[in-house]
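Chemist: Turn this into a structure:
(one chain, ligands or ions: 2)
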Amino acid sequence: MKIVQTPVGHMEVFCYLVYDEESREGILIDPAGDDERLLVLLAEHGVKLRFIVNTHGHPDHTCGNDRLKKTTGAQVVMHALDDAFFQQPEFKGWSKMLGVDSASPADVRVQDGDELTFGKISMKFIHTPGHTPGACCILIDGNLFTGDTLFVGAVGRTDLPGASLHQLIESLKTKIITLPPETIVWPGHDYGETPQSTVGHEMETNPYITDFLDDNA
Ligand SMILES: [Zn+2]
Ligand SMILES: [Zn+2]
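Modeler: Ligands and ions are numbered 1, 2, ... in the order given. Have a look, this model is predicted:
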């Protein structure tokens, strides 16, 4: 399995190309801009794109969906709750405000625990609400793609509509720190000292985990 991390768009979202080196089938996680460069990246690695996966429904993460789907024929995958939430008319205005395209409904709506495969690789969707109602972390063979749920040393905003700090802390507690400590954390933005981390390192150093969770441990 190969993972390529690359920042895209003017919101500096971390996009990930993950693919099976044998079959060359792959996915893009949050391909939120710079589509031309992403298409070149796919061609360079000889990847046939199977899925466009969104960690959550915020327009700065979903704005590239439609264009990339049109060019590659890949299916767009998102948690059912965020797909419904961000199709509401009031959120279409957000995209305009952010200066990005709004996304069409997903082709595949997933729930907590669902798995999808590409080549010989299986990805599992872990529903981690808090940053958005349908935010997910995606687990692929010891790699956790956390979107805006967990950053290196921080967590995503919880002051936007549909967000809840209480829920986010609950998600960290029940869904993330329960994973093996060596699990690699691949965040949705480069806000930390390093572009990646591990669950164990975040448990020791991330104030949202050490301060909020240790009290009730
Ligand atoms: Zn977000
Ligand atoms: Zn974001």
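Chemist: switch to C-alpha atoms for all contacts and neighbour counts from now on
Modeler: Noted.
Chemist: residue boundaries of the strands in the chain?
Modeler: Taking DSSP state E to define them, one finds strands in the chain at 2-8, 13-19, 25-29, 48-53, 75-79, 108-110, 115-118, 121-127, 136-140, 143-147, 150-151, 154-155, 184-187, 197-198.
Chemist: gap between stretch 21-29 and the chain center?
Modeler: On the basis of CA atoms, centre = their mean, to the nearest Å, stretch 21-29 sits 16 Å off its chain's mean C-alpha point.
Chemist: ends of it, how far apart?
Modeler: Criterion CA to CA, to the nearest Å; first-to-last residue distance in stretch 21-29 is 17 Å.
Chemist: Which among the strands of the chain is found nearest to Thr174?
Modeler: Closest to Thr174 of these, according to CA to CA: strand 121-127, at 10.5 Å.
Chemist: before we move on, back to that, between the strands of the chain, which one is nearest to Glu90?
Modeler: Among these, the nearest to Glu90 by CA to CA is strand 75-79 (19.2 Å).
Chemist: With respect to Thr205, which of the strands of the chain lies nearest?
Modeler: When the strands of the chain are compared by CA to CA, strand 154-155 sits nearest Thr205, at 9.5 Å.
Chemist: which other residues reach the closest one?
Modeler: Outside strand 154-155, the residues that touch it by CA atoms under 8 Å, 6 or more residues apart in numbering are Asp148, Thr149, Tyr191, Gly192, Asn206, Pro207, Tyr208.
Chemist: What does the pLDDT read for the spatially most central residue of the chain?
Modeler: Central residue of the chain (CA atoms, centre = their mean): Thr55, 2.7 Å from the mean position. pLDDT, Thr55: 98.
Chemist: For it, give me its contacts.
Modeler: Shown in contact with Thr55 (CA under 8 Å, 6+ apart): Ile29, Asp30, His61, Met78, Ala135, Cys136, Cys137, Ile138, Phe145, Thr146, Gly147, Asp148.
Chemist: For the last one, list the residues it contacts.
Modeler: Applying CA under 8 Å, 6+ apart, one finds that Asp148 lies in contact with Thr55, His56, His131, Val155, Gly156, Arg157, Pro187, Gly188, His189.
Chemist: One more pass at 10 Å, please.
Modeler: For Asp148, the contact set (CA atoms under 10 Å, 6 or more residues apart in numbering) comprises 13, 55-56, 58, 61, 130-132, 135-137, 154-157, 187-189.
Chemist: hmm, which of the residues you listed are the buried ones?
Modeler: Among those, the ones that count as buried by 16 or more other CA atoms under 10 Å are 13, 55-56, 58, 61, 130-132, 135-137, 154-156, 187-189.
Chemist: related to what we said a few turns ago, between the contacts of strand 154-155, which is nearest Leu38?
Modeler: Nearest to Leu38 out of the contacts of strand 154-155 is Asp148 (CA to CA; 20.8 Å).
Chemist: how close does the closest one sit to Gly46?
Modeler: As judged by CA to CA, Asp148 and Gly46 stand 29 Å apart.
Chemist: Run through the helices of this protein in chain order.
Modeler: Assigned helices in the chain, in chain order: 35-45, 59-62, 65-72, 80-85, 89-98, 165-171, 199-205, 207-214 (criterion: DSSP state H).
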